[in-house]
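Trainee: using only what follows, build the 3D model:
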Amino acid sequence: MRTWCLCQICTCGRHHCPHGTTRIYENSGGSCATTEYLEKYPTYGSVLPSQSLKPKEEFRAYRGKMEGITTFKSDYRPYEIDKQPRHAPEEYKPKQGVIDLGTTYKRDFNSYKVHPVVIVRPLERQQVKKGKLDTVPTYKDDYRAWDIQKSELYKPQQTYYPPTVRFGNSTTFQDDYVPREIKPRQSCKPSPAVERSTIPFSGNTSHRLDYVPHRPEFKLARPKDSYKPPDQPLEDLTTHRCDFQGLVGEMAKICRPAHTRVAQGAPFEGSTEFRDSFQEWALPAPQVHKAPEYVPPAGTMQLESTTHLDYVPHQATRVLPIRPASRRRNHNFPFQGKSTTKQDFPAWESCRQGLIKQEPQIPSPSGKFDGLSTFRSHYVSHELIPTKSCKPADAPLKRSLPFDDVTTYSLEYMPKKLETCPASYPSPPGYLFETTNSRGHKFFRKIAPAVKAF
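Mentor: Residues are numbered from 1 along each chain as shown. This next block holds a predicted model:
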């Protein structure tokens, strides 16, 4: 027989099967609240955490007056500074005589007469041939003109005879064109003069002409119904109470291990992941190097070196420099800073160019401004006539007939009976519980209705 799950029995879509354990613990019959890590590495009770060696941030109160002495003030010693003597320049006195403009180049350089360079390239030998030059090109020599006779024309020959009579025929333009008098066009531009109408302003509109006021119908005032309390008590059954009923079940067990207090002096029992992975290695004790005691040598130290014993001083003369003595002359006359560039290229007298101002194209007005604008001269004020309101008066509508409160919804709406979802009950009516699978789905078997015998 077919079985039905609680998810399939539900008609409102709000009820589902409570999912339990997974397939890993299907054969055990219960859920496993522990893990492999908890089984392998048990907890070590309530062990106090290690104390931090970080100093606490505490406020230190004022302990005395602060001294304004720094390291620079205590170590610095001022020294007396003597003023350095300033060198006074001697008075310049120009020397008398003629300046010697001779240079080392003029003294050592000897000029030679320069001759033109002889051309090394040999002269061109022109070969002159005697005789007449044949100037016939290859094209004329190879391509000869053919003697071709001219073809005769098949067109009949027409001789032109000029007319003896004067040409008097008119053209198409002269026949079709008739000269007409040019008339100036009438201007469509309105005149600037303001024309005042003598007819009074008609304020009639299409709404005022076509609108017909209708008398509102009389509306019957409906008396207010007095409140009548219901005879039957209020049914306070909500959807939450219908769908979520309290099911009797076992209380959830706490998966947390029991708290056992361990003394601080007791050794640590059990192993950790770090102890299993990183075993302690036996290391030999470090050897401490002992320095030997210092024993001073016996006797006196000889301070004589090999250079002192082997070196013999010799008396030698100082080597004279081969460089000739400098012939520097001390001249006390002022320096003449004239050069060939300064004499050939004197500075030009230049003046700064003034601003270039363009003359205004529009001449500035002459005279006093009248203050009369175009709008003021052409504007004509008109008297405003207020628009009459076409809105009907706000009067209550009264009607002698009673109000017809019949609507389409009230005529076509058929109330339906509220059905309770069968999955909201602990045991759905008409179904018998069978089993619960590994995924937590509850399966029910439908009870066949009993057939009465005749």
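
Trainee: low-confidence bits of the stretch 101-250 of the chain, can you list those?
Mentor: 122, 124-131, 245 (pLDDT under 70).

Trainee: the helices in it, which residues?
Mentor: 104-108, 138-142, 172-176, 206-210, 239-243 (DSSP state H, counting those that start in this stretch).

Trainee: can I get those in a markdown table with distance to residue 88 and mean neighbour count?
Mentor: For glycine as for every other residue, the C-beta is placed from the backbone atoms N, C-alpha and C. Listed next are the helices of the stretch 101-250 of the chain as a markdown table, based on distance: least, Cβ to Cβ, whole Å; neighbours: other Cβ atoms under 10 Å:
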| stretch | distance to residue 88 | mean neighbour count |
| --- | --- | --- |
| helix 104-108 | 36 | 8 |
| helix 138-142 | 102 | 8 |
| helix 172-176 | 114 | 7 |
| helix 206-210 | 115 | 8 |
| helix 239-243 | 116 | 12 |
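
Trainee: so which of these is nearest residue 428?
Mentor: helix 239-243 (12.7 Å; Cβ to Cβ).

Trainee: tell me which helix or strand comes right after the closest one.
Mentor: helix 273-277 (DSSP states H and E).

Trainee: how distant is that following helix from the center of its chain?
Mentor: 51 Å (Cα atoms, centre = their mean, to the nearest Å).

Trainee: then stretch 108-126?
Mentor: Counting by Cα atoms, centre = their mean, stretch 108-126 comes out at 77 Å from the chain centroid.

Trainee: repeat for stretch 344-358
Mentor: So, by Cα atoms, centre = their mean, the centroid of stretch 344-358 is 52 Å from its chain's centroid.

Trainee: what is the mean pLDDT for it?
Mentor: Taken as a whole, stretch 344-358 carries a mean pLDDT of 79.

Trainee: try stretch 366-381
Mentor: 80.

Trainee: need the distance between the two termini of it.
Mentor: 32 Å (Cα to Cα, to the nearest Å).

Trainee: contacts for that stretch, please.
Mentor: 192, 194, 196 (Cβ atoms under 8 Å, 6 or more residues apart in numbering).

Trainee: export those residues as CSV, with columns for distance to residue 344 and neighbour count.
Mentor: Shown next, in CSV, are the contacts of stretch 366-381 (distance: Cβ to Cβ, whole Å; neighbours: other Cβ atoms under 10 Å):
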residue, distance to residue 344, neighbour count
192, 78, 8
194, 84, 8
196, 91, 6
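
Trainee: now the residues you listed as JSON lines including distance to residue 3?
Mentor: Formatted as JSON lines, the contacts of stretch 366-381 follow (distance: Cβ to Cβ, whole Å):
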{"residue": "192", "distance to residue 3": "102"}
{"residue": "194", "distance to residue 3": "101"}
{"residue": "196", "distance to residue 3": "102"}
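
Trainee: among the residues you listed, which one sits closest to residue 413?
Mentor: residue 196 (70.1 Å).

Trainee: any idea how far the closest one is from residue 118?
Mentor: According to Cβ to Cβ, to the nearest Å, residue 196 and residue 118 sit 116 Å apart.

Trainee: which residue ranges of the stretch 1-150 of the chain form strands?
Mentor: 3-5 (DSSP state E, counting those that start in this stretch).

Trainee: which parts of the stretch 301-450 of the chain are helices?
Mentor: Using DSSP H, counting those that start in this stretch, the helices of the stretch 301-450 of the chain run over 306-310, 340-344, 374-378, 408-412.

Trainee: for residue 252, find the nearest of the ones you listed.
Mentor: helix 408-412 (50.6 Å).

Trainee: what's the spacing between that closest one and its chain's center?
Mentor: On Cα atoms, centre = their mean, the centre of helix 408-412 falls 61 Å from that of its chain.

Trainee: ok, now stretch 88-98?
Mentor: With Cα atoms, centre = their mean, you get 76 Å for stretch 88-98.

Trainee: that older thread, what's the closest of the contacts of stretch 366-381 to residue 359?
Mentor: residue 192 (35.1 Å).

Trainee: grab the nearest non-local neighbour of the closest one.
Mentor: Nearest residue to residue 192, sequence neighbours excluded (Cβ to Cβ, 6 or more residues apart in numbering): residue 378, at 7.1 Å.

Trainee: any idea how far the one you found is from residue 190?
Mentor: Counting by Cβ to Cβ - residue 378 and residue 190 are separated by 12 Å.

Trainee: higher neighbour count, those two?
Mentor: Set residue 378 next to residue 190 and count neighbours by other Cβ atoms under 10 Å: residue 378 wins out with 10 against 7.

Trainee: what about that one, distance to residue 370?
Mentor: The value you get for residue 378 to residue 370, if Cβ to Cβ is used, is 15 Å.

Trainee: which one, of the helices of the stretch 101-250 of the chain, ends up nearest to residue 359?
Mentor: Nearest to residue 359 among the helices of the stretch 101-250 of the chain is helix 172-176 (52.8 Å), distances taken as Cβ to Cβ.

Trainee: rebuild the helices of the stretch 101-250 of the chain as JSON lines, extending it with distance to residue 278.
Mentor: Shown next, in JSON lines, are the helices of the stretch 101-250 of the chain (distance: least, Cβ to Cβ, whole Å):
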{"stretch": "helix 104-108", "distance to residue 278": "90"}
{"stretch": "helix 138-142", "distance to residue 278": "106"}
{"stretch": "helix 172-176", "distance to residue 278": "120"}
{"stretch": "helix 206-210", "distance to residue 278": "100"}
{"stretch": "helix 239-243", "distance to residue 278": "57"}
